[in-house]
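*Asks:* Need the 3D shape of this:
(chains A and B, ligands or ions: 2)
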Amino acid sequence: MSVRELVGWGRFPRVMAEERVSEDLAAATHEVNLTRGLGRSYGDSSLPGRAGDVVARTTAADRILFFDEKNGILRAEAGFSLQELVRVFLPRGWFTPVSPGTQFVTLGGMVASDIHGKNHHVAGCFGEHVRALKMRVPDGRILEVTEESEPDLFRATIGGMGLTGHILEVEFQLEAVPSPWIWGESERVANLEELLDKQSAASEEWPFTVSWVDTVARGRGLGRGIVMKGRWATSDEAPQGPPKIGRSFSVPFDFPSWALAPWSMRIFNHLYFWKHLPRRKRGIVHPQKFFYPLDIVQHWNRVYGSRGFVQYQCVLPQGTPRSVHHRFFEALSQGEVGSFLSVVKDCGEEGKGLLSFPKAGVSVALDIPMRGRATQELVDTLNEIVVDAGGRIYLAKDSLTRENHFRAMETRLPMFAEVRNAWDPELRLMSAQSARLFGDRETEAGS
Amino acid sequence: MKCVVLGATKGIGRGVARLMAERGDSLFLLGRNPSDLAATAKDLEARSGSGGTVGTAACDLLDSSTFETALDQAEKHLGHVDAILVTAGLFATQDDLEQDASLRDRLMHANFCGTIGFCEAAKDRLLAKGGGRLCVLSSVAGERGRKPIVIYGATKAGLTAYLNGLDARHHENGLRVIVVKPGFVRTTMTEGLKEPPFSADVEPVAKSILKAIDKEQAEVYVPGIWRFVMTAVRALPRGFMRKAKF
Ligand SMILES: Cc1cc2nc3c(=O)[nH]c(=O)nc-3n(C[C@H](O)[C@H](O)[C@H](O)COP(=O)(O)OP(=O)(O)OC[C@H]3O[C@@H](n4cnc5c(N)ncnc54)[C@H](O)[C@@H]3O)c2cc1C
Ligand SMILES: NC(=O)c1ccc[n+]([C@@H]2O[C@H](COP(=O)([O-])OP(=O)(O)OC[C@H]3O[C@@H](n4cnc5c(N)ncnc54)[C@H](OP(=O)(O)O)[C@@H]3O)[C@@H](O)[C@H]2O)c1
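*Replies:* Numbers count the residues shown, from 1 in each chain, chains lettered A, B, ... in the order given. Ligands and ions are numbered 1, 2, ... in the order given. Presented below is the predicted three-dimensional model:
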């Protein structure tokens, strides 16, 4: 138990609060106001909402409770990390059904954000594969929650950003893989038009697809990038033996802010684009390199200096005219601040979580250095495009969206609020994000 | 290897037990909370994937009557025991120990009387079968009396002295005593304390401990840098220690 500075992965904002950690998660979550995992959400979703609020951290509660080797059913404590899952189970032919772009996340965080991955168009979100949750609900009771036993609570908790209760245990279905290696192909594309076409064509045939976009290029090269696709290699294609888990190195200190000037952003994006010299590459890829390219550098968020950065991810729904995509990327390349790393992915259908992020369309994720007003203005501009298009943002990445924009894009909010109110009428559970976006402050003042 | 672990429910012990399970060692767990032990055993079974079961038995450092029955059960389950690992222990800040006499009694009892009592029973079992490894976690805190760890450090100093004596007395009979001296390791034991330099995570520490057991190293500092740090700290003049904060 200790008061410390808590931050998300973007290191903006920062909050001083008491954080409890214990192997006994049921004890640690007793009367706390929010539970967090490895803090890999970028913004303020894992930070407490009010002065004096206490949070629990799950990372010491990381035991596997049950594993059915035949059917691939795994039950573990909420602090069990994806890194452990990969290390223990990939060599045995099992993998997470859905994976985010980093393995430093917990099961609790994967459920609460209802994470999506490169296979969203075929596998949906993580929540589709969850069979049961053990939760401490806001009134203090500990319940086994399934879609059958408590359908509303179950669906609100999946993607509910920790606001409906503390997840203690997660039971879910693993995916059987033919080998622990990936067969991948990637292709350099010249502009946005080609990128979107090639990406959706790729998703017709490949289970894993994602594209990197050069958001610095303008004019005819606007939206140029690299389309990446992959599938599990068959046992014939795969190299002998399991992939070695590579060593990672760490960014030892905060980079100075000039390191993130527009020129360095330009150079980085240029190099990344032209590193892919042959137009097309294919072959066996190490699974960690394929799924978690950024994990090789620990603390890479320090590259953004002490002011931190924001991630911004939105989905532009299916049927959005291409002109809107262009407008979006133009706004980005013309703003005062740009995005270093930008990722585009086509999403499949909306999942069962009441507030799950993905819906059919094109998702865009951006890393934007925190530069105060300029960054806020860029997020506002992008959000206006998203609201007009009928899209939405991803809460796990957000720290700057305004409440009016959020309400305009999140038409499911009243439905979620109703379930939350039924289980937590006094709003014992709250995050800095829900205080900022869900109108919790008014309710708090009014109650 | 067939190993008995006292303290696998948390921290460093949990880390070492996982490494052992993952490479196929047979394990038997001792501890004070049966349901917690059972959950820990399940975790290790799932990680090992060998289909073998991890047995458990109740054993409390504060209750010496539990030692013999616990070790009986372990021997029954494992057959031959190659190694016994003791990571169980208590920590409390000097302020808390000064204010709370019952906490002080418990800590001194668990870390010194209890641990030594358990080691005596463990050593007898190993020697009866011609020897074996006894690995026990002491601490760098036992190397020099210092302001923040007056009482805790004293229990570890006493424990280290005992283990060194045990090594001297029974090495020729086949007993291999492995004294582990961790520096600051991030576990829930140290949660909330200010981290000194060279703080380490459980995983690398657990790896070093397992290596020390495999190689029968009589004494190991984890991380290794602490050997040099403590050599320096031991050489500091008394006047300096009166002023220093650490
Ligand atoms: C490099 C990188 C790449 C990423 N790529 C993707 C991606 O491809 N797809 C994607 O979907 N996401 C992605 N993310 C986001 C990440 O997957 C989510 O933010 C995830 O929730 C982080 O898990 P965590 O354990 O760190 O949770 P935290 O960040 O600690 O918490 C996230 C939310 O979950 C809640 N929560 C956590 N544990 C519990 C619990 N036990 N009970 C109740 N609530 C809980 C918290 O309250 C908070 O609202 C990425 C993040 C990074 C840093
Ligand atoms: N962490 C450090 O920085 C550090 C530094 C130097 C030395 N050490 C030493 O290393 C050892 C392990 O430390 P750790 O950080 O892993 O501690 P930890 O996380 O607190 O784990 C301690 C273990 O000891 C068990 N235990 C406590 N009291 C017991 C009792 N009366 N009977 C039986 N078991 C008991 C606990 O079991 P329950 O689950 O039942 O509580 C738990 O498994 C300790 O001896 C400690 O003094 C640690």
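*Asks:* show me where the stretch 1-150 of chain A has strands.
*Replies:* A:2-7, A:14-21, A:34-36, A:54-57, A:64-68, A:73-77, A:94-95, A:130-136, A:142-145 (DSSP state E, counting those that start in this stretch).
*Asks:* Out of those, which is closest to ligand 2?
*Replies:* strand A:14-21 (10.8 Å; Cβ to the nearest ligand atom). For every residue, glycine as well, the C-beta is placed using N, CA and C.
*Asks:* A:Ala112 is in contact with A:Thr157, isn't it?
*Replies:* Yes: judged on Cβ atoms under 8 Å, A:Ala112 makes contact with A:Thr157 at a distance of 7.3 Å.
*Asks:* which of the two has more neighbours?
*Replies:* Set side by side, A:Ala112 and A:Thr157 show more neighbours around A:Ala112, with 34 against 30, by other Cβ atoms under 10 Å in any protein chain shown.
*Asks:* who touches that one in this structure?
*Replies:* Contact analysis of A:Ala112 by Cβ atoms under 8 Å, 6 or more residues apart in numbering or on different chains lists A:157, A:159-162, A:167.
*Asks:* Just put the strands of the stretch 1-150 of chain A in JSON lines and tack on distance to ligand 2 and mean neighbour count.
*Replies:* Shown next, in JSON lines, are these (distance: least, Cβ to the nearest ligand atom, whole Å; neighbours: other Cβ atoms under 10 Å in any protein chain shown):
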{"stretch": "strand A:2-7", "distance to ligand 2": "15", "mean neighbour count": "14"}
{"stretch": "strand A:14-21", "distance to ligand 2": "11", "mean neighbour count": "18"}
{"stretch": "strand A:34-36", "distance to ligand 2": "20", "mean neighbour count": "28"}
{"stretch": "strand A:54-57", "distance to ligand 2": "15", "mean neighbour count": "23"}
{"stretch": "strand A:64-68", "distance to ligand 2": "16", "mean neighbour count": "18"}
{"stretch": "strand A:73-77", "distance to ligand 2": "14", "mean neighbour count": "22"}
{"stretch": "strand A:94-95", "distance to ligand 2": "29", "mean neighbour count": "21"}
{"stretch": "strand A:130-136", "distance to ligand 2": "20", "mean neighbour count": "22"}
{"stretch": "strand A:142-145", "distance to ligand 2": "20", "mean neighbour count": "16"}
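*Asks:* Can I get those in a markdown table including distance to B:Ser199 and mean pLDDT?
*Replies:* Output for those, formatted as a markdown table (distance: least, Cβ to Cβ, whole Å; pLDDT from 0 to 100):
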| stretch | distance to B:Ser199 | mean pLDDT |
| --- | --- | --- |
| strand A:2-7 | 15 | 91 |
| strand A:14-21 | 15 | 96 |
| strand A:34-36 | 21 | 98 |
| strand A:54-57 | 17 | 98 |
| strand A:64-68 | 27 | 97 |
| strand A:73-77 | 24 | 98 |
| strand A:94-95 | 33 | 98 |
| strand A:130-136 | 31 | 98 |
| strand A:142-145 | 34 | 98 |
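*Asks:* From A:His405, how far off is the closest residue in space to A:Ala435 that isn't next to it in sequence?
*Replies:* Among residues not flanking A:Ala435 along the chain, A:Gly49 sits closest, at 3.9 Å (Cβ to Cβ, 6 or more residues apart in numbering or on different chains). Using Cβ to Cβ, to the nearest Å, we find A:Gly49 at a distance of 19 Å from A:His405.
*Asks:* burial of the closest residue to chain A within chain B, as a residue count?
*Replies:* Residue nearest to chain A within chain B: B:Gly192 (3.2 Å; Cβ to the nearest Cβ). B:Gly192: 14 surrounding residues under other Cβ under 10 Å.
*Asks:* Please consider this matter closed, and thank you.
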